[in-house]
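Engineer: Sequence and computational prediction follow.
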Amino acid sequence: MKTSSFLAVIVFLFSATAAFAQYTEVINSNRPGASISAYSVGKNVIQFEGGMFVDRQEHKKLNTEVNAFGLDFALRYGLFKEQLEISWEGAYQFDTFTSNASNPPLEFNRNGFLSHTIGAKYMIYDPYLNSELEKPNLYSWKANNSFRWKDLIPAIGVYAGANFVFSDNPYFPRTEPSISPKVTVATQSHFAGRWVFVTNITYDRITSDSKELSYIITLTHAFDNPKWSAFVEHQGIDSDLYADALFRAGGAYLLGEDFQLDGYLGAGVKNTPTRIFAGFGISYRIDDWHEDELIPIEEQDPNGEDPKDKKKKKKDEKELEKFEDDGDNDNDN
């Protein structure tokens, strides 16, 4: 992948591309896609996301094959405030590597972390904060589900963390540093009621000889049955170690407000190597210690009026009606 074209895509992402409140009534997971949300899980919320995956790779030029199985996980926690989240993430792979360049073929097993990071994410801009945009119109389905240009104003989150590479990891060169920085800018847009558009731009292993620049575009749609959702995703990767263009598609199903199942299929567009992969997983959160800072929906006003002001206004109106009634009675007498 040419660096110039790669950077052009990144510029497009910044110019083209946010979302709703931090904490939501149902679990808000980064799975099953590879992108991360601009929003955190919510203050004092603990969330686990994990799954299993298989990956088959075939390199035409080197005449090699890799058949892999792995586990991935993410542990997320909302710390101090709604906008801040700390996380521990990783993916561990077992595979069989076969070289068909020799006769008989050379085959051996490998295992190790493909990724292992600890970091923090902070939402630096939320267009819905203290705005009537986050308050649904209780009287109009069309107003809540139609496209509005202002919905494209992005919420922006930034992630900073560190990669940890353990010794004798077969997936990295021996010169790979044991600790290297990783940064991500995430944007998220919520529009037309049921669509969410997320973008990530990541600069990974910054101090490594195999530093990596990547982007991810994810589009998610929630169906009329709110338990089901589907997504499509594109990821571009550029580094001296590995470069590719990947596509994923899949869906998720809510078993409850705090429990989600998901699955996906994906493939690469190159033949160096050709990749076909799939996975499934779960997401579960514990929100017993979260204090909801959002206004309950039954108290929200379609015009964005503060509930306290609304109650005071109603009280004043009742006092005025009582005064007018007393005045009419005096006139009658």
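Structural biologist: Right, received. Where do you want to start?
Engineer: Restricting to C-alpha, output the helix or strand encompassing residue 73 in CSV.
Structural biologist: According to DSSP states H and E, residue 73 maps onto strand 64-78. Taking Å, rounded to 0.1, in the frame of the first residue of the first chain, the C-alpha atoms of strand 64-78 are listed here in CSV:
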residue,chain,number,x,y,z
THR,A,64,3.7,-20.7,2.8
GLU,A,65,0.5,-21.4,4.8
VAL,A,66,-0.7,-20.5,8.2
ASN,A,67,-3.7,-22.0,10.0
ALA,A,68,-4.4,-20.1,13.2
PHE,A,69,-6.7,-20.2,16.2
GLY,A,70,-6.7,-17.5,18.8
LEU,A,71,-8.4,-15.7,21.7
ASP,A,72,-8.9,-12.0,22.1
PHE,A,73,-10.0,-9.9,25.1
ALA,A,74,-10.6,-6.4,26.3
LEU,A,75,-11.2,-5.3,29.9
ARG,A,76,-12.6,-1.7,30.1
TYR,A,77,-13.3,0.5,33.1
GLY,A,78,-14.8,4.0,33.4
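Engineer: How many neighbouring residues does residue 207 have?
Structural biologist: 10 (other Cβ atoms under 10 Å). Glycine gets a C-beta too; all of them are placed from N, C-alpha and C.
Engineer: quick revisit: show the subsequent helix or strand relative to the strand holding residue 73.
Structural biologist: Criterion used, DSSP H and E; the element after strand 64-78 is strand 84-99.
Engineer: Do a quick rundown of the strands in the stretch 1-150 of the chain.
Structural biologist: Using DSSP state E, counting those that start in this stretch, the strands assigned to the stretch 1-150 of the chain run over residues 46-59, 64-78, 84-99, 106-125.
Engineer: strands paired with the shortest one, and their directions?
Structural biologist: Spelled out, that is strand 46-59. strand 64-78 (antiparallel), strand 274-286 (antiparallel) (DSSP bridges).
Engineer: domain ranges for the chain?
Structural biologist: Structurally, the chain divides into domains by automatic domain parsing as follows: 3-302, 303-333.
Engineer: so of those, which one's packed in deepest?
Structural biologist: With neighbours defined as mean count of other Cβ atoms under 10 Å, the domains of the chain peak in mean count at domain 3-302, which reaches a mean of 17.
Engineer: and that one, what's its mean pLDDT?
Structural biologist: If you average the pLDDT over domain 3-302, you get 84.
Engineer: so which of the strands paired with strand 46-59 gets nearest residue 24?
Structural biologist: Residue 24 lies closest, by Cβ to Cβ, to one member of the strands paired with strand 46-59: strand 274-286, at 10.2 Å.
Engineer: right, and residue 54 touches residue 280 too?
Structural biologist: No - using Cβ atoms under 8 Å, residue 54 is not in contact with residue 280; the gap is 9.9 Å.
Engineer: mind putting the strands of the stretch 1-150 of the chain in a markdown table, distance to residue 285 included?
Structural biologist: Output for those, formatted as a markdown table (distance: least, Cβ to Cβ, whole Å):
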| stretch | distance to residue 285 |
| --- | --- |
| strand 46-59 | 4 |
| strand 64-78 | 8 |
| strand 84-99 | 12 |
| strand 106-125 | 16 |
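Engineer: between the ones you listed, which gets nearest to residue 275?
Structural biologist: Here strand 46-59 is closest among these (Cβ to Cβ), at 5.1 Å.
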